[in-house]
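Trainee: please work out how this folds:
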Amino acid sequence: MQIFGVDIGGSGIKGAPVDLDRGDLTEERHKVLTPHPATPDAVADGVKEVVGHFGWTGPVGITFPGVVADGATIRTAANVDKAWIDTDARALLGDRLGGLPVTVLNDADAAGVAEMQFGAGRDRRGTVLLLTFGTGIGSALFVDGELVPNTELGHLELGGHDAEKRASTKAKEDNELTWEHWARRVTKYLAHVEMLFSPELFIIGGGVSRKADRFLPLIEGIKAEIVPAQLQNNAGIVGAAMRAAKTAS
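Mentor: Numbering: from 1, shown residues only. Modelled structure (predicted):
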């Protein structure tokens, strides 16, 4: 079974058809840059371009980098335009896609769902936290395999700032931090999250997971196991498609 997944991020909008039996993309993903300002209409146009690239006409799962209430209404918009707040994303995106069935969920939740089914969290019980490092820091919390949605732990305070302003991949790039310096910031963040939630496993996702060997060995003093996401930066696309398939059924 194939379903289309789209992952809306602070820097890019990417998508592809997904084979739900394998948890993998069936074609090379198509990506467009996230518009600036990332208003609802502008982002919806980007989603339309990505889906239209494949000529897709079936259900579409779409992630959003913020809290999504009731699978539709946007409640937070840290890394896109504030005009998204209180927008019915499901209605907007469904209309822009010509009435295709649309499912919307938080981006990190989507990545987490995919990793728990097909990746590093497969068959893991207890408390598992997936953290995506990119433009911001997304989080997906699982207890015995069940998702606790919309946790948004990237906005915990760290050093007087939102954690994602200090420890995201964007913070590393903007401040030209070495891997060692950035790993120290990530370590402080993980220690804070560990103190609050006591997870057995941290899964580190986002684009930086491709370079896990550059920074994971530098993280020390964390009791939980720490592993890179296996689906890497495709996890959000796969998770979005999984949720769309569940909704469609």
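
Trainee: list the contacts of the lowest-mean-pLDDT helix or strand in the chain.
Mentor: Taking all helices and strands of the chain together, the one with the lowest average confidence (mean pLDDT, DSSP states H and E) is strand 157-158, at a mean of 90. With contacts defined as C-beta atoms under 8 Å, 6 or more residues apart in numbering, strand 157-158 is touched by Ala163, Arg166, Ala167, Arg185, Lys188, Tyr189, His192. Heads up, the C-betas are built off the backbone N, CA and C, glycines and all.

Trainee: for Gly121, which non-adjacent residue is closest in space?
Mentor: The shortest distance from Gly121 to any non-neighbouring residue, by C-beta to C-beta, 6 or more residues apart in numbering, is to Glu115 (4.7 Å).

Trainee: that neighbour belongs to a helix?
Mentor: Yes: in this structure, Glu115 lies within a helix as judged by DSSP: H, G, I helix; E, B strand; the rest coil.

Trainee: what about it, how many neighbours?
Mentor: Glu115 sits with 29 neighbouring residues when counted by other C-beta atoms under 10 Å.

Trainee: does it touch Ala235 like I think?
Mentor: Yes: at 5.6 Å, Glu115 and Ala235 qualify as touching, with contact defined as C-beta atoms under 8 Å.

Trainee: overlap of the contact sets of these two?
Mentor: Common neighbours of Glu115 and Ala235 (criterion: C-beta under 8 Å, 6+ apart): Gly205, Ala229.

Trainee: picking up where we left off before, select from the contacts of strand 157-158 the one having the most neighbours.
Mentor: When neighbours are counted as other C-beta under 10 Å, the busiest of these turns out to be Ala167, with 29 neighbours.

Trainee: so what's Leu33 up against?
Mentor: When contacts are counted by C-beta under 8 Å, 6+ apart, Leu33 is found next to Ser11, Gly12, Ile13, Gly46.

Trainee: so can I have CSV of those residues showing secondary structure?
Mentor: Output for those, formatted as CSV (three-state DSSP):
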residue, secondary structure
Ser11, coil
Gly12, strand
Ile13, strand
Gly46, helix
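
Trainee: quick check: PyMOL command selecting the buried ones in those residues.
Mentor: Per 16 or more other C-beta atoms under 10 Å, the buried members of the contacts of Leu33 correspond to this PyMOL selection:
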select buried, resi 11+12+13+46
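
Trainee: what two of the contacts of Leu33 are the furthest from one another?
Mentor: Set against one another by C-beta to C-beta, the contacts of Leu33 have their most distant pair in Ser11 and Gly46, with a gap of 11.6 Å.

Trainee: hey, what's in contact with both of these two?
Mentor: Among the neighbours of Ser11, those also in contact with Gly46 (C-beta under 8 Å, 6+ apart) are Leu33, Thr34.

Trainee: care to break this protein down by domain?
Mentor: Here the domain assignment for the chain is 2-107+236-248, 120-229, based on automatic domain parsing.

Trainee: just to revisit the earlier point, please report how far the residue nearest to Gly121 lies from Glu176.
Mentor: When C-beta to C-beta, to the nearest Å is applied, the distance between Glu115 and Glu176 equals 30 Å.
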